[in-house]
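S.K.: below is the sequence, then the predicted model.
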2 protein chains.
Amino acid sequence: MLKKIAGGVCAAKGFRAAGLHVGVKTHNVNKKDVALIVSDVDCSAAAVFTTNVVKAAPIHVTKAHLADGKARAVVCNSGNANACAPQGEENAEKMCAAAAKAIGCKQEDVLVASTGVIGQTLKVNVIEEGMPKLYSLLKASEAASDAAAHAIMTTDLVKKEVAVETTVGGKTVRMGGIAKGSGMIHPNMGTMLCFLTTDCAISPAMIREALLETAKVSFNRISVDGDTSTNDTCLVLANGMAGNAEITEKNDDYAAFLEALKALCVDLARAMAKDGEGAKHLITCNVAGARDEAQAEVIAKSVISSTLTKAAIFGCDANWGRVLCAMGYSGEQFDPEKVDVHFASAAGDIAVCEQGRGLPFDEDLAKKILTESEVEINIQMAEGDGVCTCWGCDITYDYIKINGDYRT
Amino acid sequence: MLKKIAGGVCAAKGFRAAGLHVGVKTHNVNKKDVALIVSDVDCSAAAVFTTNVVKAAPIHVTKAHLADGKARAVVCNSGNANACAPQGEENAEKMCAAAAKAIGCKQEDVLVASTGVIGQTLKVNVIEEGMPKLYSLLKASEAASDAAAHAIMTTDLVKKEVAVETTVGGKTVRMGGIAKGSGMIHPNMGTMLCFLTTDCAISPAMIREALLETAKVSFNRISVDGDTSTNDTCLVLANGMAGNAEITEKNDDYAAFLEALKALCVDLARAMAKDGEGAKHLITCNVAGARDEAQAEVIAKSVISSTLTKAAIFGCDANWGRVLCAMGYSGEQFDPEKVDVHFASAAGDIAVCEQGRGLPFDEDLAKKILTESEVEINIQMAEGDGVCTCWGCDITYDYIKINGDYRT
């Protein structure tokens, strides 16, 4: 039933998007720096934000604009985070006002996000001046979603864009999303920026519930460098144009919608981890046999967040001792002598540790397995039936290079 | 009163040390791999260990041998962690037995530690075979402490060795230590290996108390990569040969002893942070004006542990936004709009953030300040009078190189 389709944030009926360079990014005029996503009609809307105490101004503004659970559009700039910056909220509101004026909707129905350098005043005038042109570019097309996806990128190497189609209450429902990730990605709302659109009819309360449930098992299960940014925002707009009976409770329709939303967001989350700054490997850590899911999650996150494990995977080194070590400092209690560890990838599967002790293994095969761009660390704990999967990436010379001089 | 002296672990009366290559490290016969430290008489002894659930075998053995609070000697190998390895405790006991036989003391009076690769069987036979020669090399000299300090190194570039002299109860008391650090260093018992000796007369209960108080403000306030190893051990031997009245309670003598022990251990902790794997900068984070010391410590640790902040310092980039960001995800609640940040070093002091907002600052001066090998991040919070200092290092290409292929 559930299938992948093209179109990103324009896959769902009634959504248009655009991306443009207006001048927030000054060093390269070929890099788009403002995105706009607009629904033809009012939407149920919800968002989840960073847990960081230091929150960027647009987060406060978006929170306020979401008080009624409704929205029409999202405007987002890259190149400047509008965090810890003078006139932060004032400038975030100005971005909403400019978009609202072009669209012809209320300022409170525009949601706003920013990403980029912290602490510098946002040149909001270039966004205001560029808005009419940005608005004129709005289209419901693959190319338009692609432009928006590029406009929210910073150090990302590839755009993150996914869409899926499913059936809800007998109607075809579509949903799609664009995201930006790269550095500063961590569990506890590690989404960076992610904008989701759907034509499903669903109440504000239910879309909020669905987003919370989904974030927990997707964006909150990835890590790039353990840093949680001041700007992380994931938001969803649902405009109801699919024509299904509005979802207002946790019924079968909700379950079908949630399944699709989770699939969409897991794909976007994996894409963020895979494109972590400088990353050469997507690392999937599957923990099974934990006491419960919560324990499995803490342990899987500890493994994918371990700098030493990340460095070992970069070197294609089957250093399972670091995996056990990261499990051990996760804060969870367990019996290390019941732990088995395998490394796996498209090139094969190799057991390296059984009941907490090293196994003799074929180093050449291990190296071959870890040379693949997507590798798995599979842990079996024999404590219970808790399972969880988390995603991360290796740490590389390029990560250091990118982050050693990000501002200039 | 308190002054630095030479001699390391041999500075205190009645201690001898030695270091030798016996063959645990197979790739380089010039690298010493076993250290022995022996007191002429029985000592009050205490230790603190890693909080990792996965503990190396020598930790279990040393804990058991410390049940009576007494010890005579320490034996330590580098090149193999004897963690998650077959016959772990058996081999750790064999190391103690070999040392005890050479010294002529009880096996239970020898403490043991290991550092190196996890999960491989320790070649204990080469340690047993080398023990008579190692014992024959024991001397109470600067060179002997130097040999022991080198024998416990793995990826360390410089040895860590400090000694101080003070007055306790009218008598001259000496204490010294050797340590190994580099990767896998984190607060929560981030000491790696540290062996301390003193000729102070102090009861087992009081030396234990002094070591716990000291570890909290020294080794537990440094971070290299956030990974807590399976082997971290800090232990102290006090043989009483200074002739002072034995310290058995928290009196003035205890205070004098504690002051010296803290100074010694802060020096060793800073040396570990400075020689973090691949590090080019020692980063000192001073937090003042926190609600209390506990809050100041959590925030300072979060800053020195932030991979993004560490990468910025590597690039000599005054990216104070990452400092605020790391404060914000520390888990502590505070008002970001009351935070001031300065960067400082021998080259000057520059204010970059005031009341949570960026200040215009001289980028050239900032770069000059951050180009020094020892830099400070100074944070003023205006929440209360809590202060704390933590130490870390930058993350560099070499860190990745060292850890990408550690086993081979």
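M.R.: Okay, I see it.
S.K.: where are the low-confidence patches of chain A?
M.R.: Within chain A, the stretches with pLDDT under 70 are A:182-191, A:224-228, A:405-408.
S.K.: show me where it has its helices.
M.R.: For chain A, applying DSSP state H gives helices covering A:57-65, A:88-103, A:124-136, A:142-151, A:204-217, A:252-274, A:293-305, A:307-314, A:320-328, A:363-371, A:397-404.
S.K.: where is the longest strand in chain A?
M.R.: Using DSSP state E to define each element, chain A has its longest strand at strand A:34-49.
S.K.: quick check: buried residues in that strand?
M.R.: By neighbour count on 16 or more other Cβ atoms under 10 Å in any protein chain shown, the buried set for strand A:34-49 is A:34-39, A:43-49. Any C-beta I mention is one placed from the backbone N, CA and C, and that applies to glycine too.
S.K.: ok, of those, which one's closest to chain B?
M.R.: residue A:49 (12.3 Å; Cβ to the nearest Cβ).
S.K.: what bridges to the closest one?
M.R.: Applying DSSP bridges to residue A:49 yields these beta-bridge partners: residue A:233.
S.K.: do residue A:389 as well
M.R.: With DSSP bridges as the criterion, residue A:389 is bridged to residue A:286.
S.K.: how near is it to chain B?
M.R.: Counting by Cβ to the nearest Cβ, to the nearest Å, the separation of residue A:389 from chain B is 22 Å.
S.K.: isn't that residue up against residue A:285?
M.R.: Yes: Residue A:389 is within contact range of residue A:285, at 7.0 Å (criterion: Cβ atoms under 8 Å).
S.K.: common neighbours of those two, please.
M.R.: Common contacts of residue A:389 and residue A:285 (Cβ atoms under 8 Å, 6 or more residues apart in numbering or on different chains): residue A:300.
S.K.: tell me which of the two has more neighbours.
M.R.: A count of neighbours by other Cβ atoms under 10 Å in any protein chain shown puts residue A:285 above the other of residue A:389 and residue A:285, at 29 against 19.
S.K.: show me the contacts for the more buried one.
M.R.: Residue A:285 sits next to A:300, A:303, A:304, A:376, A:377, A:378, A:379, A:389, A:390, A:391, A:392 when contact means Cβ under 8 Å, 6+ apart.
S.K.: what's the longest strand of chain A packed up against?
M.R.: Helices and strands touching strand A:34-49, by 3 or more Cβ pairs under 8 Å, 6 or more residues apart in numbering or on different chains; DSSP states H and E, are strand A:15-20, helix A:57-65, strand A:70-80, helix A:124-136, helix A:142-151, strand A:193-198, helix A:204-217, strand A:233-238.
S.K.: got the buried residues for the second one?
M.R.: Just to be clear, that refers to helix A:57-65. A:57, A:58, A:59, A:60, A:61, A:62, A:65.
S.K.: quick check: which of the helices of chain A is nearest to residue B:258?
M.R.: With Cβ to Cβ, the closest approach to residue B:258 among the helices of chain A belongs to helix A:320-328: 30.9 Å.
S.K.: ok, back up a step: could you tell me the angle between the longest strand of chain A and helix A:88-103?
M.R.: Angle of strand A:34-49 versus helix A:88-103, following axes from the mean of the first three to the mean of the last three Cα atoms, to 10 degrees, is 120 degrees.
S.K.: now do strand A:34-49 against helix A:57-65, angle only.
M.R.: Counting by the same axes, to 10 degrees, strand A:34-49 lies at 70 degrees to helix A:57-65.
S.K.: run the angle between strand A:34-49 and helix A:142-151 for me.
M.R.: Strand A:34-49 runs at 70 degrees relative to helix A:142-151, counting by the same axes, to 10 degrees.
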